[in-house]
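Peer 1: here's my sequence, what's the structure:
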Amino acid sequence: KPFAAQVPDIARRRRPSPLLPMASVTVFATPAAFGFPAGPGAAAMFTIFPPIGMPCWQPPPPHATAAQAAQLQSFGAPKPRGPVGPSDPAARVSPTDLLRAVQSLYRDQLKPFGRLLRKRLAELAAGPGVVEVHAKDLRALCDMCPWLTVEEAEGAEWAAFLVGQPRNFIDAHSPEDRYPPQLWIDASNYFSSLRGAEMTLPGGRYLCARLLVERRLPFLAGYSLGEVAHIIQLAISHKKLLGYSEGALVPYGVSQSMLKAQQAESQRPSEKERRGKIIDWAALPKYLQALLTERRKQQLSEQPIPLSNLKRLCRTQFGVELSETALGYAKLSELLQDPRLADVCRIELRAAGHMLLPARMPKRRSPISLVDGLRLAGEAASDHPAATSDIGLLGLPPPPAESPRFAEP
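Peer 2: Here you go, the predicted structure:
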């Protein structure tokens with residue numbers, strides 16, 4: 001069987017990273033290609049476990065719908081290439097590539113959000129004439145695939161999970177430091193030793209993590225891509241080993257993050273912000289309330305304001321500059337969590353970043369009948385005898401001691 005004879009070679013070429021061991025590969029073909037009996041034209045998923053190269057036939061799950069079964073007939077079809085429209089069906093990737101991309105994110109311990117899945121598909125299909133699948137088409141493909149289950153996430157995010165597979169993902173935003181102290185010593189020595197173009201790293205955690213993995217750094221050996229992304233986040237937010245400079249990550253000592261920390265200590269705005277009128281503490285709640293109220297009028301109250309847009313909105317709508325350093329904070333997200341703004345707004349960290357939302361209104365107590373109120377008060381009095389005097393305030397006598405309702409157990 002010529003196709004089965006090529007299985008070991010397919011497994012080698014499908015390795016997601018030179019740093020990872022050879023992993024299982026999923027392909028789509030008719031069962032007859034592997035010698036399994038099946039109906040004519042029926043397609044199924046095969047998982048190949050190298051280095052043995054023996055295929056394991058996995059028939060479509062029992063929950064597969066008729067529409068999904070019809071789509072299975074296209075498994076293994078050549079992927080179209082060339083320019084296509086954003087919603088053109090030709091922009092859809094094959095289910096083989098889709099599952100392969102999701103599986104690779106699982107191996108990297110990265111939660112398969114739609115935006116990450118698009119990046120991974122582009123990486124795995126790198127080459128001339130590669131078609132970038134549109135977000136809506138990708139979501140439709142994931143919904144149609146019987147081996148995936150799609151779940152909504154915060155905001156407009158969604159993620160596609162493998163049916164029946166454990167979800168061992170790394171939360172890049174977690175403040176928990178689960179790494180040995182020696183790793184941070186080695187990381188500090190490495191970042192401080194960078195010079196020239198090498199010290200400018202991608203500003204996104206995902207791309208930065210991929211670059212560091214490709215550099216084969218000894219102190220990152222054995223860690224998954226998701227763990228490396230978490231290490232980068234801790235290096236930025238807690239360890240102060242990395243900071244931002246013009247959208248890129250650089251060693252903290254030469255970053256704008258360190259400069260902003262110094263400006264926050266002296267409550268000075270940046271040179272650019274000094275050109276306009278700086279918002280002070282007295283006016284800040286009013287401007288924030290105005291932005292949130294305007295959003296509510298536009299029926300967008302459920303859509304939060306990304307913090308990355310907040311300064312621009314203050315500048316374009318009110319002609320003022322919002323400077324966190326002038327108000328004593330190095331980060332805008334920390335400024336907006338100041339207790340003085342608790343009645344105006346709140347901050348939520350979502351997959352797309354920090355978001356500004358209106359403050360939560362206190363829950364109103366539901367009205368109860370007078371009889372229910374007296375019953376609850378009486379039950380509380382049985383547990384706390386001193387509380388029986390409170391019932392006298394209502395002009396009612398205390399409950400009799402022999403009453404079964406209030407008797408001691």
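Peer 1: alpha carbons only for contacts and neighbour counts from here, please
Peer 2: OK.
Peer 1: low-confidence stretches in the stretch 1-150 of the chain?
Peer 2: Residue ranges of the stretch 1-150 of the chain with pLDDT under 70: 1-92, 126-131.
Peer 1: 80 instead?
Peer 2: 1-93, 126-132 (pLDDT under 80).
Peer 1: what about the helices in the stretch 251-400 of the chain?
Peer 2: 256-266, 284-297, 307-318, 332-335, 370-383, 388-392 (DSSP state H, counting those that start in this stretch).
Peer 1: likewise the stretch 101-250 of the chain?
Peer 2: 114-124, 135-144, 181-193, 205-214, 225-237.
Peer 1: got the angle between the third one and helix 225-237?
Peer 2: Spelled out, that is helix 181-193. 70 degrees (axes from the mean of the first three to the mean of the last three CA atoms, to 10 degrees).
Peer 1: quick one: contacts for Ser333?
Peer 2: Ser333 makes contacts with 307, 347, 354, as judged by CA atoms under 8 Å, 6 or more residues apart in numbering.
Peer 1: contact partners for the first one?
Peer 2: So the one you mean is Leu307. Per CA under 8 Å, 6+ apart, neighbours of Leu307: 332-333, 353-356.
Peer 1: what's the most distant pair in those?
Peer 2: Greatest spatial distance in the contacts of Leu307: Leu332 and Gly353, 12.3 Å, computed using CA to CA.
Peer 1: so between those two, which is more surrounded?
Peer 2: Set Leu332 next to Gly353 and count neighbours by other CA atoms under 10 Å: Leu332 wins out with 18 against 10.
Peer 1: isn't that one up against Lys311?
Peer 2: No: Leu332 lies out of contact with Lys311 (CA atoms under 8 Å); the separation is 9.4 Å.
Peer 1: show me what contacts Ser255?
Peer 2: Taking CA under 8 Å, 6+ apart as the test, what Ser255 contacts is 242-245, 249.
Peer 1: among the residues you listed, who's most crowded?
Peer 2: The contacts of Ser255, ranked by neighbours (other CA under 10 Å): first place Leu242, 28 neighbours.
Peer 1: and that one, what pLDDT?
Peer 2: Per-residue confidence at Leu242 stands at 96 (pLDDT).
Peer 1: so what pairs up with it in the strands?
Peer 2: Pro251 (DSSP bridges).
Peer 1: give the contact list for the nearest residue to Pro306 once chain neighbours are set aside.
Peer 2: If the residues on either side of it in the chain are set aside, Pro306 comes closest to Met355, at 4.6 Å by CA to CA, 6 or more residues apart in numbering. Counting by CA under 8 Å, 6+ apart, Met355 touches 304-307, 347-349.
Peer 1: ok, back up a step: greatest separation within the contacts of Ser255: which pair is it?
Peer 2: Leu242 and Ser245 (9.8 Å).
Peer 1: His230 and Pro175 touch, don't they?
Peer 2: No: applying CA under 8 Å, one finds His230 not in contact with Pro175, separated by 9.1 Å.
Peer 1: looking at those two, which is more packed in?
Peer 2: Shown here are His230 and Pro175; by other CA under 10 Å, His230 has more neighbours (24 against 12).
Peer 1: residues touching that one, list them.
Peer 2: 170-174.
Peer 1: now those: which count as buried?
Peer 2: Among those, those classed as buried by 16 or more other CA atoms under 10 Å are 170, 172.
Peer 1: redo the contacts of His230 as TSV? Include pLDDT.
Peer 2: As requested, the contacts of His230 are exported to TSV (pLDDT from 0 to 100):
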residue	pLDDT
Ile170	96
Asp171	94
Ala172	92
His173	89
Ser174	93
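Peer 1: which one of the contacts of Met355 is nearest Leu225?
Peer 2: Leu349 (21.3 Å).
Peer 1: tally of neighbours for that closest one?
Peer 2: The burial count for Leu349: 12, using other CA under 10 Å.
Peer 1: skipping adjacent residues, who's closest to it in space?
Peer 2: Using CA to CA, 6+ apart, the closest residue to Leu349 is Met355 (6.3 Å).
Peer 1: again, but for Val150
Peer 2: Ala160 (4.4 Å).
Peer 1: circling back: which residues do His230 and Pro175 both contact?
Peer 2: Counting by CA under 8 Å, 6+ apart, nothing touches both His230 and Pro175.
Peer 1: does Lys240 touch Val254 like I think?
Peer 2: No: Lys240 lies out of contact with Val254 (CA under 8 Å); the separation is 11.4 Å.
Peer 1: reformat the contacts of Leu307 as TSV; add pLDDT and distance to Ala221.
Peer 2: Compiled in TSV, the contacts of Leu307 are given as follows (pLDDT from 0 to 100; distance: CA to CA, whole Å):
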residue	pLDDT	distance to Ala221
Leu332	93	34
Ser333	91	33
Gly353	78	28
His354	85	31
Met355	89	34
Leu356	92	38
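Peer 1: now these in a markdown table, with distance to Pro180?
Peer 2: Converted to a markdown table, these look like this (distance: CA to CA, whole Å):
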| residue | distance to Pro180 |
| --- | --- |
| Leu332 | 30 |
| Ser333 | 29 |
| Gly353 | 28 |
| His354 | 29 |
| Met355 | 32 |
| Leu356 | 35 |
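Peer 1: and of those, the nearest to Leu211?
Peer 2: Gly353 (21.5 Å).
Peer 1: pLDDT on stretch 255-264, on average?
Peer 2: Mean predicted lDDT for stretch 255-264 stands at 91.
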